[in-house]
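>>> Turn this into a structure:
(2 chains)
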Amino acid sequence: MAATAETVEKVQSLSERYKYGFVTDIETDMAPKGLSEDIVRFISAKKNEPEWLLEWRLKAYRHWLEMPEPKWAKVDFPEIDYQDAYYYAAPKMKDQPKSLDEVDPKLLETYEKLGIPLREQEILAGVAVDAVFDSVSVATTFKHKLEEVGVIFCSISEALQEHPELVRKYLGTVVPYADNKHACLNSAVFTDGSFVYIPPGVRCPMELSTYFRINEQNTGQFERTLIIADEGSYVSYLEGCTAPMRDENQLHAAVVELIALKDAEIKYSTVQNWYPGDEDGKGGIYNFVTKRGDCRGDNSKISWTQVETGSAITWKYPSCLLRGDNSVGEFYSIAITNNRQQADTGTKMVHLGRNTKSRIISKGISAGRSQQTYRGLVRMGAKAEGARNYTQCDSLLIGESCGAHTVPYIESKNRSAQVEHEATTSRISEDQLFYCRQRGIPEEDAVALVVNGFCREVLQQLPMEFAVEAQKLVGISLEGSVG
Amino acid sequence: MLEIKNLHATVEDKPILKGLDLTLRPGEVHAIMGPNGAGKSTLSYILSGRDGYEVTEGEVLFEGKDLMELEPEERAGEGIFLAFQYPVEIPGVPNSTFLKEAVNAVRKYKGEPEIDALAFMKGLRETCAKLGIDKEFLKRSVNTGFSGGEKKRNEMLQLSVLQPKLAILDETDSGLDIDALRTVADGVNAMRSPDRAMLIITHYQRLLDYIVPDHVHVLSGGRIAASGGPELAHKLEAEGYADFVAKDAA
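Just a heads-up that it's a prediction; the model follows:
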């Protein structure tokens, strides 16, 4: 503890040399601006972390300094000044809020505008929510009910205190800190995120979900989620994201690791609606996320479903490592880009075990002056006897000034493996819009209806209560794309 | 109900309608016949507000309102329904969803609250039963992979559900075999009411054997060239449009 206090003190004194105060807002507890080993130590100390984790963070930080930025994605943005951001921001509070009444009303308002009223989620039976606000988790509901069946659902900070052995065993085993520049940064400075452990043979009795929210100005959000489904267990997890409108870009570099042991299944759904920037491309979130699932045991299954509508730039490839024999990986994606948004997203299916199967259904909708790329890798390893993949990749264009690109990589080292790839590109037709309008449906609603139809196969994969909200979000995201 | 006065219209600067006059009163069924290229479909698109059709002269009043000032969805809200010659496919959107959206959009336009989803589905199933349409039809995506006959029956289903004041049927008989034609005609006849007007656009007389109109008009050269009762349709069937086309050219 003495060492911790010392580090905090040191960083505080350091901050005074900068013009910007250590705590500029009485509501918020912030680290000084910029990134250094001291900041990494500061975060670790704030969270009262074990020594091994600090060492891991520092290793990651040192490696990050040397790592090049990934340049292969079809996205364009000015170089990020990593020193011009805050890496830790937490709402100041003595106690955990006991109910949503104690959560920032502006946060509730944002969710309501999104069509995801948090209060209703609270009432909706069967959904447990972990709310992450800037750098920390502010509330986790239904925790005790879940504990009764042995399910651990808490913030990763809490897991580090309560279940350090579990975190240590699995953290960084799917996405190593040196995986890529963004994941490396996350490993050095991650502040919070969710932790889930489902014990053997347990079917998690409710949907688990996390809502991420960036609030503070000039902060990056670096959350880290770790989900472990032990043998024969099942869990369905959903994350939702929002951020307020700001003129400057904000960095969100998250890492999600999923581990499915023998006969286990994880279903992970994302509804991502970070602030996308304005019509001219000013502001918005840089969403540079590394998500990977490891089907570590035989007959395990990991299914990713994502609805990506927000962010100025999306760089994201939720992937599956199909190690166990007969394991199954799925990727269902809807990506919508409007105005000046850029998205380079897709998946990697790495078949290592025998008779592994993967299925990729990607629906991309581009409108305005946006650019969207599907980038996918299907790799059949030498031992992937009898492995199969099916990929379907559909693009829908709205208007004349957007772009859709498809970059599939296929590698096969096993003769018995089968890979199928289908792709289509189409435009939303005048005939369809006129038909809808003649029946009384206004143009923007007609676009939403046609696009929802285009995405139906993926929307059906979402848990019921979120599918409806996702449908509304599709409409909101395309506002102003016609007419 | 509908008054078209001296309507002139162009498509890509080419004049198609050249002074069309037509009046429909509630309860009346009018048939518009004419040779290919006479402007029959143009008329239906102008009334429903499709882009690309420009009115250069004249006016169209619907219950006293200037129709040309309204967007297509507003016209639908006012009670105008067009049964399409080629109904459009909307993949992934179930028929029932589409119908509910349409009904609610029209209700919203009229300032009425949204319809209760359960009550709507119940009513929808009843309408299907009346029209002899299998309930499974409602789950299928709008017109997607439908046969020609199924598409036209789907238009009749929409017509029955939306209950418009004015129904325009554009070449509803095209692509139908005789049994399908009969089913569709039954659907239309069931919709005849003293409050509703219908405008049936057709090239052939045979549809009018099943849906007997009150008035028949010949559209040729962008104008109503002749008007009469159902007997006019039979005359056209026997003699063809040659007379009108020749007169028009002269």
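>>> From here on, just use CA atoms for contacts and neighbour counts.
Noted.
>>> quick one, phi/psi of B:Gly92?
With angles defined as degrees, to the nearest 10, B:Gly92 sits at phi 80, psi -10.
>>> can I assume it is in contact with A:Leu449?
No: B:Gly92 is not in contact with A:Leu449 according to CA atoms under 8 Å; the separation is 9.2 Å.
>>> out of those two, which sits in the more crowded spot?
Taking other CA atoms under 10 Å in any protein chain shown, B:Gly92 and A:Leu449 do not tie; A:Leu449 has more neighbours (25 against 20).
>>> so that one is in which element?
Secondary structure assigned from DSSP states H and E places A:Leu449 in helix A:443-454.
>>> I'd like the mean pLDDT over that helix, please.
Confidence over helix A:443-454 (mean pLDDT, whole number) is 92.
>>> ranges for the helices of chain B?
For chain B, the helices defined by DSSP state H cover B:40-48, B:72-78, B:95-109, B:117-131, B:148-162, B:178-190, B:207-210, B:230-239, B:242-249.
>>> Output the contacting helices and strands for the shortest one.
Contacts of helix B:207-210 with other secondary structure elements, assessed using 3 or more CA pairs under 8 Å, 6 or more residues apart in numbering or on different chains; DSSP states H and E, are made with helix B:178-190.
>>> just checking, what packs against the helix it packs on?
Helix B:178-190 packs on helix B:148-162, helix B:207-210, going by 3+ CA pairs under 8 Å, 6+ apart.
>>> Can you tell me which of the ones you listed is most buried?
Ranked by mean neighbour count, those are led by helix B:148-162 with a mean of 22 (mean count of other CA atoms under 10 Å in any protein chain shown).
>>> how distant is that helix from the center of its chain?
Centroid displacement of helix B:148-162 relative to its chain, using CA atoms, centre = their mean, to the nearest Å, is 11 Å.
>>> for stretch B:127-136, same thing?
21 Å.
>>> now do stretch B:28-35
Remark: stretch B:28-35 is offset 11 Å from the chain centroid, using CA atoms, centre = their mean.
>>> same deal with stretch A:68-76?
Between the centre of stretch A:68-76 and the centre of its chain there are 19 Å (CA atoms, centre = their mean).
>>> List the contacts of the most centrally placed residue in chain B.
Nearest to the mean C-alpha position of chain B, counting by CA atoms, centre = their mean, stands B:Ile168 at 1.9 Å. For B:Ile168, the contact set (CA atoms under 8 Å, 6 or more residues apart in numbering or on different chains) comprises B:Ser44, B:Ile80, B:Phe81, B:Leu82, B:Ala83, B:Met198, B:Leu199, B:Ile200, B:Ile201.
>>> can we see that at 6 Å?
B:Ile168 sits next to B:Leu82, B:Met198, B:Leu199, B:Ile200 when contact means CA atoms under 6 Å, 6 or more residues apart in numbering or on different chains.
>>> Could you report the neighbour count for the third one?
The reference is to B:Leu199. Residues near B:Leu199, counting by other CA under 10 Å: 21.
>>> again with the first one
Residues lying near B:Leu82 (other CA under 10 Å) number 23.
>>> so how far is B:Asn154 from it?
Separation of B:Leu82 from B:Asn154 (CA to CA, to the nearest Å): 12 Å.
>>> got it, and A:Lys145?
Here A:Lys145 is placed at a distance of 50 Å from B:Asn154 (CA to CA).
>>> Report how many residues lie close to the residue of the stretch 151-300 of chain A found nearest chain B.
The stretch 151-300 of chain A approaches chain B most closely through A:Val271 (20.2 Å), counting by CA to the nearest CA. Neighbours of A:Val271 under the rule other CA under 10 Å: 24.
>>> what do you get for A:Glu66?
9.
>>> for it, phi and psi?
A:Glu66 adopts backbone torsions of phi -90, psi -20, taken as degrees, to the nearest 10.
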